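*Asks:* Sequence and predicted structure are below.
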Amino acid sequence: MAVIRTLHLQHISFIVFSILILHIRFSDAIQRDERQCEVCKAVVDKFDASVTDADRKSQSAIEDKIVEVCKALRGKEERFCWYIGASPTSAAGYLSELAKPMMNHLPSEKICDKLLKKDAQLCDLRFDKAIDWNTIDLNKLRVKELKKILEDWGEACKGCAEKSDFILRIEELKPKYVKKSEL
C-alpha cells in the first residue's frame, strides 16, 4: 500500500512539474509574440496607405507601389523590402504573395502571418529601441552607436575623427530630427 501511495505521489509531482514547465514556455511564447513581425506589419501598413482603390484592381499596380514605397525606406524597413524582393539587389521574390492579399484588403497582421509561413526571417526583423533623448548621455555611447544615430537620420559626419566630433554633429542635428516632445 505504501508503494502505491509513493508511486501515486510521484505521478502527481510529475504532472504538476510538467504543467509548470508548459506554463513557463507558453508565457515566454506570448512575450516573444508581442514584437513578432513588427517591421513587417509597419511596412505593410505603409504599403497599404499608399495603394489607392484603383490600384487594388491590379496586382502589378500594387507591386509597383510597393517598389516605389521601398525606395524611400531606410534601416530595418529597407531590409524588409530587400527580403521581399522590392529592392533592385534582391534575390527573393515575395511581391506577389504580398500584393494578392492587399488586393482583398487583408490586414497587415494576416499578410505577415502568411509571409511568415513562406520565410521566417521576414518576421525576425525588429525595430531598434527608441532613444530616450531626455536621459541619454552621448559621451557614454560608443562611436559605433553614434555613427548609427547619424546613419538612421541619413546624415554623415565628414571629417569626424574623434568621438567628440560625432557628438557635436549629433547635437547640431538634434533639433532637426528629434521632436521637442522627446527632448
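*Replies:* Yes, it's here.
*Asks:* Break down the chain into its helices, ranges please.
*Replies:* 2-33, 38-50, 59-70, 76-84, 95-103, 108-118, 121-124, 143-152, 163-177 (DSSP state H).
*Asks:* Please name every helix or strand in contact with the second one.
*Replies:* Translated: helix 38-50. For helix 38-50, the helices and strands in contact under the criterion 3 or more CB pairs under 8 Å, 6 or more residues apart in numbering; DSSP states H and E are helix 59-70, helix 76-84, helix 95-103, helix 108-118. Glycine gets a C-beta too; all of them are placed from N, C-alpha and C.
*Asks:* same question, the fifth one
*Replies:* Applying 3+ CB pairs under 8 Å, 6+ apart, we find helix 95-103 packed against helix 38-50, helix 59-70, helix 108-118.
*Asks:* In JSON lines: those, plus mean pLDDT and distance to residue 165.
*Replies:* Rendered in JSON lines, the data for these read as follows (pLDDT from 0 to 100; distance: least, CB to CB, whole Å):
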{"stretch": "helix 38-50", "mean pLDDT": "95", "distance to residue 165": "32"}
{"stretch": "helix 59-70", "mean pLDDT": "95", "distance to residue 165": "33"}
{"stretch": "helix 108-118", "mean pLDDT": "93", "distance to residue 165": "41"}
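*Asks:* contacting residues for the nearest residue to residue 171 once chain neighbours are set aside?
*Replies:* On the basis of CB to CB, 6 or more residues apart in numbering, the spatially nearest residue to residue 171 that is not a chain neighbour turns out to be residue 138, at 7.4 Å. Applying CB atoms under 8 Å, 6 or more residues apart in numbering to residue 138 gives the contacts 146, 167, 170, 171.
*Asks:* Any chance of a ChimeraX selection covering the buried ones in the residues you listed?
*Replies:* Taking 16 or more other CB atoms under 10 Å as the burial criterion, the selection of buried members of these in ChimeraX is written as:
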select :146,167,170
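*Asks:* Could you measure from residue 160 over to residue 170?
*Replies:* As for residue 160, its distance to residue 170 is 10 Å (criterion: CB to CB, to the nearest Å).
*Asks:* If you could redo that for residue 155, that was the one I meant.
*Replies:* Here the distance between residue 155 and residue 170 works out to 9 Å (CB to CB).
*Asks:* try residue 85
*Replies:* Here the distance between residue 85 and residue 170 works out to 35 Å (CB to CB).
*Asks:* How many neighbouring residues does the closest residue to residue 125 other than its chain neighbours have?
*Replies:* The shortest distance from residue 125 to any residue that is not its chain neighbour, by CB to CB, 6+ apart, is 3.9 Å, and that residue is residue 39. Counted with other CB atoms under 10 Å, the burial measure for residue 39 works out to 21 neighbours.
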